[in-house]
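Engineer: got a predicted structure plus its sequence, pasted below:
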Amino acid sequence: MKKSSILAASLSIMIALVLSLTSNAQIFPTKLTATVIDGLGNFVEGAEVKIYLTEADYRGSTNPLFTAISKKKGRTKFKTVKSVIYFIEVTKGDMNNNGEGVQTGPLAAKKNNKVNIIIE
């Protein structure tokens, strides 16, 4: 084999490897961490957290995009959300966030956005 053929083959392999690595590279997704607390500031574990895209869906409790149960320290994590405004419904027993903050601000793209939700 000629040197130019070996060089061309090596170059092709290197380009394929770079393209493969680039296409498989992980881009940091937009995330949302919601922390559920009660009126006294205590973390609430075991609360159901639902996220809605529209206020109409929130008001009607229909079509939640995401549903999770709060874990230790009241946290729920939602990965790969869009950088938009969401409506959040939280319930545990007879406690909920009705009348409290139910709407996020616009989420920052490619960041871990954080919100605290008070339930009473």
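Structural biologist: Looks like it arrived, so ask away. For clarity, every value in this text was computed on a predicted model and none was experimentally measured.
Engineer: show me the contacts for the residue lying closest to E100 once chain neighbours are set aside.
Structural biologist: Residue nearest to E100 in three dimensions, not counting chain neighbours: I118, with 4.9 Å by Cβ to Cβ, 6 or more residues apart in numbering. C-beta: built from backbone N, CA, C; applies to glycine. Residues near I118 by Cβ atoms under 8 Å, 6 or more residues apart in numbering: I37, D38, G39, N97, E100, G101.
Engineer: just the buried ones from those?
Structural biologist: Using 16 or more other Cβ atoms under 10 Å as the burial test, these include I37, N97 as buried.
Engineer: could you dump the contacts of I118 into a markdown table with pLDDT, distance to E45 and secondary structure added?
Structural biologist: Shown next, in a markdown table, are the contacts of I118 (pLDDT from 0 to 100; distance: Cβ to Cβ, whole Å; DSSP: H, G, I helix; E, B strand; the rest coil):
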| residue | pLDDT | distance to E45 | secondary structure |
| --- | --- | --- | --- |
| I37 | 96 | 11 | strand |
| D38 | 95 | 11 | strand |
| G39 | 91 | 16 | coil |
| N97 | 94 | 16 | coil |
| E100 | 71 | 18 | coil |
| G101 | 69 | 20 | coil |
